[in-house]
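Novice: sharing a model that was predicted from the sequence below.
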Amino acid sequence: MKALVYEGVEHLEFRDVPDTVPGPEEQLIRVEAVGICGSDMHAYLGHDARRPAPLILGHEAAGVIVGGPRDGARVTVNPLVTCGNCAVCEAGRENLCQNREIISMPPREGAFAQFISMPERNLVDVPEDIPLSRAALAEPLAVSWHAVRLGLEALHPAMERRALVVGGGAIGLAAALALQAMGVQDVVIVEPNALRRAYLLNLRAFDVVSETSKTFPLVIDAVGFAATRATASALTQPGGVMIHVGLGEGAGGLDIRRMTLQEITFIGTYTYTAEDFRQTAAAIFDGRLGALDWVEERPMSEGGRAFRDLRRGMVAAPKIILAPEH
């Protein structure tokens, strides 16, 4: 089969790789759509030791089951594989499983390929009227759904339901959509990139600004760099909640003294639970997350160019979806 393989820093090659062989209780899936995530970009730049070359990246996938009694079923893929029987898994907090694996990280190859194999429990059926390019957004949308759910659960009932999202990429936009789906209508996105800001403004769904000095009860850092953490912690109101979902870099930016004196709750979030993923997929299917027409679709064979364009800040759309040729 063909796959887009990470060969080294800023080096991707579209080439032949061994065919995927499903394990016990796994389904073989013909990938029809797979998104480029920020974590894929971090690996591409050599910033993620968890993803050493050579490796097939990509974990935001949807496709069609091949073979067996479910042959032809259209599915979106929860890429987080967990043990299912430890204390956190049994408590419905699978994302904290110490034995978790995610495709695109050894030992599991990713979905920038014609085929992947996944456990049946990681698949959610997709209605016939939903394009698989939209169903592939379930994974990044679930990341933000999980983050917003935790943030709203932690927000004091006396505080206003207003939110600031730092970063207008896919995770930031998904957070804004999740906020609206959960009843928060006053949402502002901060996006300094003029090209992307113009794209978001054209969606006419949110206030989008290059910067702000206004404070908010709930602030979500969807980028995760020292500079964005500094912005987020400075703009969270006393007694408010700051959600950190971005994985840009590991240190710097938080004003710990202010957060302590102003009793600001900080919550780090990682991926999603299985229930978050199912709820997100349902929200996609019933339209609660909008038209989801903010993606750009490209052939998998042109994936290397897509990464280069993202690296240079030349992509306006928050998400690029790659489609393998079959």
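Specialist: In hand now; what should we look at?
Novice: who's in contact with residue 249?
Specialist: Counting by C-beta atoms under 8 Å, 6 or more residues apart in numbering, residue 249 makes contact with 224, 225, 226. Every C-beta, even on glycine, is put in place using the N, C-alpha and C of the backbone.
Novice: out of the residues you listed, who has the most neighbours?
Specialist: residue 224 (22 neighbours; other C-beta atoms under 10 Å).
Novice: helix, strand or coil for that one?
Specialist: coil (DSSP: H, G, I helix; E, B strand; the rest coil).
Novice: list the contacts of the residue nearest to it when sequence neighbours are not counted.
Specialist: Spatial nearest neighbour of residue 224, excluding adjacent residues (C-beta to C-beta, 6 or more residues apart in numbering): residue 246 at 2.5 Å. By C-beta under 8 Å, 6+ apart, the contact list for residue 246 reads 38, 167, 171, 221, 222, 223, 224, 225, 228.
Novice: do I have it right that the fourth one meets residue 164?
Specialist: No. At 9.5 Å, residue 221 and residue 164 do not qualify as touching, with contact defined as C-beta atoms under 8 Å.
Novice: if I look at those two, which residues touch both of them?
Specialist: Taking C-beta under 8 Å, 6+ apart as the criterion, residue 221 and residue 164 both touch residue 232.
Novice: neighbour-wise, which of the two wins?
Specialist: residue 221 (32 against 28).
Novice: nearest residue to the more buried one in space, please, no chain neighbours.
Specialist: residue 232 (4.1 Å).
Novice: any buried residues in the helix or strand harbouring that neighbour, and which?
Specialist: Per DSSP states H and E, residue 232 falls inside helix 226-235. By neighbour count on 16 or more other C-beta atoms under 10 Å, the buried set for helix 226-235 is 228, 229, 230, 231, 232, 233, 234, 235.
Novice: got the contact list for the second one?
Specialist: When you say that, I think you mean residue 229. By C-beta under 8 Å, 6+ apart, the neighbours of residue 229 are 221, 244, 252, 253, 254.
Novice: out of the residues you listed, which is most surrounded?
Specialist: Top of the contacts of residue 229 by neighbour count (other C-beta under 10 Å): residue 221, with 32 neighbours.
Novice: what's the spacing between that one and residue 22?
Specialist: To residue 22, residue 221 is 38 Å away according to C-beta to C-beta, to the nearest Å.
Novice: okay, domains of the chain per the record?
Specialist: 2-137+292-323, 143-268 (automatic domain parsing).
Novice: I'd like the ones you listed laid out as a markdown table, including distance to residue 283 and mean pLDDT.
Specialist: Formatted as a markdown table, the domains of the chain follow (distance: least, C-beta to C-beta, whole Å; pLDDT from 0 to 100):
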| stretch | distance to residue 283 | mean pLDDT |
| --- | --- | --- |
| domain 2-137+292-323 | 10 | 96 |
| domain 143-268 | 6 | 95 |
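Novice: in JSON lines, list those domains along with distance to residue 278.
Specialist: Listed next are the domains of the chain as JSON lines, based on distance: least, C-beta to C-beta, whole Å:
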{"stretch": "domain 2-137+292-323", "distance to residue 278": "6"}
{"stretch": "domain 143-268", "distance to residue 278": "10"}
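Novice: setting aside sequence neighbours, what's the nearest residue to residue 195?
Specialist: Leaving aside its chain neighbours, residue 195 sits nearest to residue 316 (4.8 Å; criterion: C-beta to C-beta, 6+ apart).
Novice: coming back round to it: closest to residue 157 among the contacts of residue 246?
Specialist: Minimum distance to residue 157 across these is 23.5 Å, recorded for residue 221 (C-beta to C-beta).
Novice: please list all residues in contact with the nearest residue to residue 183 once chain neighbours are set aside.
Specialist: Among residues not flanking residue 183 along the chain, residue 161 sits closest, at 6.7 Å (C-beta to C-beta, 6+ apart). Residue 161 is in contact with 152, 155, 183, 184, 185, 186, 217, 218, counting by C-beta under 8 Å, 6+ apart.
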